[in-house]
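1. test case, fold it:
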Amino acid sequence: MSAFYNKMQETASKLLARFGAPVTVQVMSNGAYDPATKEKSKTYSPTIGNGVFLNTTKNDTENGLVLTTDTKLLIENLSIVPTVDSTVTRNGEVLRVIHFMPLNPTDTVLVYNLFLRK
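-> Model prediction:
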């Protein structure tokens, strides 16, 4: 990582800490295969980061994956990479990650855009 992008990541985290709020993301990963149910178990690892909830824009919804009723979460670079089907809790309401995009101009992830659905 270059020093420039490290500084940008640090600045983004500081701004989200100042103007955002702590958010818990439960990152889903597949566990062991259970031959009885013929399915993999799912495990969730909690991680906390600062983020800002935003409305989706017309550009966000053009691909058909994201709906106008969905919510966008701009969150700092997390210690665990978020996945589809991870969950975010907002004011006691659990939202599911349906799509996510890292903002990474190089190999350094500055922030993530998580698209959430009730």
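2. quick one: secondary structure of the residue of the chain most remote from its centre?
-> Largest separation from the mean C-alpha position in the chain: residue 36, at 32.4 Å (C-alpha atoms, centre = their mean). Of the three states, residue 36 takes coil under DSSP: H, G, I helix; E, B strand; the rest coil.
3. just to check, residue 96 is in contact with residue 82?
-> No. Residue 96 is beyond contact range of residue 82, at 11.3 Å (criterion: C-beta atoms under 8 Å). C-beta coordinates here come from the backbone N, C-alpha and C atoms, glycine included.
4. those two: which is more packed in?
-> residue 82 (22 against 16; other C-beta atoms under 10 Å).
5. just the pLDDT at the more buried one, thanks.
-> The model reports residue 82 with a pLDDT of 92.
6. do the one 5 residues further on as well
-> pLDDT recorded at residue 87 is 95.
7. can you check the one 4 residues further on too?
-> With respect to pLDDT, residue 91 scores 85.
8. who's in contact with stretch 3-11?
-> Stretch 3-11 is contacted by residues 77, 105, 106, 108, 109, 110 when judged by C-beta atoms under 8 Å, 6 or more residues apart in numbering.
9. for stretch 28-46, that is, sorry about that
-> Here stretch 28-46 has contacts from 24, 25, 26, 27, 80, 83, 85, 86, 87, using C-beta under 8 Å, 6+ apart.
10. list the buried residues in it.
-> Across stretch 28-46, burial judged by 16 or more other C-beta atoms under 10 Å covers residue 28.
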